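# Structural data only, the sequence is not supplied:
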């Protein structure tokens, strides 16, 4: 009897885990839909906020609870600050219908990662955490939940290289010294 109950418990556990499939989200920051039918855009801008990220920059989608491994990465379209393409991304470990929090990071691709860009003094930036709509997926309850967009994501401006700050401070110091001499 114990063997039958253990076997039954194992089968139920496997069936439950198969039904709790990983959810999906649309990794895109252009023309994000609002419930009222309007759309908004959330570009990622370079230092100064006048030119968007473009070739030479990478964006990564992260769970807010794990900023070491991106769920997905993408490149940018021209110098617009918008991702090159809309990608449906599977969020491993997050069930269909769940509402996890995400963070988007962007960095100079030559650094290799956000952390490396920070340690090398290259341009990088990070969004505020945002919570998704319920994650979509094919194995959702009937009817299936469609893949949600990144509603709640707000664009941001990357921070400059530390050398930019240093040059600015040197300039201010020089102006102060010149003024003091007069």
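Received it, and whenever you're ready, just let me know what you need. Owing to the predicted nature of the structure, the values given are computational and were not obtained by experimental measurement.
# From here on, just use CA atoms for contacts and neighbour counts.
Fine.
# Confirm residue 115 sits in a helix?
Yes. Under DSSP: H, G, I helix; E, B strand; the rest coil, residue 115 falls within a helix.
# Just give the number of residues close to it.
By other CA atoms under 10 Å, 15 other residues sit near residue 115.
# Residue 39 too?
Residue 39: 12 neighbours (other CA under 10 Å).
# Does it touch residue 33 like I think?
Yes. Residue 39 is within contact range of residue 33, at 4.4 Å (criterion: CA atoms under 8 Å).
# what residue lies at the spatial centre of this protein?
In the chain, the residue lying closest to the centroid (CA atoms, centre = their mean) is residue 104, at 2.1 Å.
# How are the helices of this protein distributed by residue range?
2-19, 114-120, 162-181 (DSSP state H).
# which stretch in these has the least confidence?
Set side by side, the helices of the chain give their lowest mean pLDDT on helix 2-19, at a mean of 45.
# And the strands in this structure?
Counting by DSSP state E, the segments of the chain that form strands are 22-27, 32-33, 39-40, 44-45, 57-63, 72-75, 87-95, 101-108, 124-126, 130-131, 156-157.
# show me what contacts residue 60?
Going by CA atoms under 8 Å, 6 or more residues apart in numbering, residue 60 touches 70-74, 104-106.
# can you rerun that using 7 Å?
70, 72-74, 104-106 (CA atoms under 7 Å, 6 or more residues apart in numbering).
# pLDDT and distance to residue 96 for those residues - can I get that in CSV?
CSV is the format used below for the contacts of residue 60 (pLDDT from 0 to 100; distance: CA to CA, whole Å):
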residue, pLDDT, distance to residue 96
70, 96, 19
72, 96, 18
73, 97, 21
74, 96, 23
104, 97, 21
105, 97, 24
106, 97, 27
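# Most neighbours among these, which one?
residue 106 (29 neighbours).
# if I read this right, that residue contacts residue 122, doesn't it?
No. Judged on CA atoms under 7 Å, residue 106 makes no contact with residue 122 at a distance of 10.9 Å.
# Can you give me the neighbour number for the residue nearest to residue 101 when sequence neighbours are not counted?
Distance criterion CA to CA, 6 or more residues apart in numbering; nearest residue to residue 101, sequence neighbours excluded, is residue 131 at 4.2 Å. Look at residue 131: counted by other CA under 10 Å, it has 16 neighbours.
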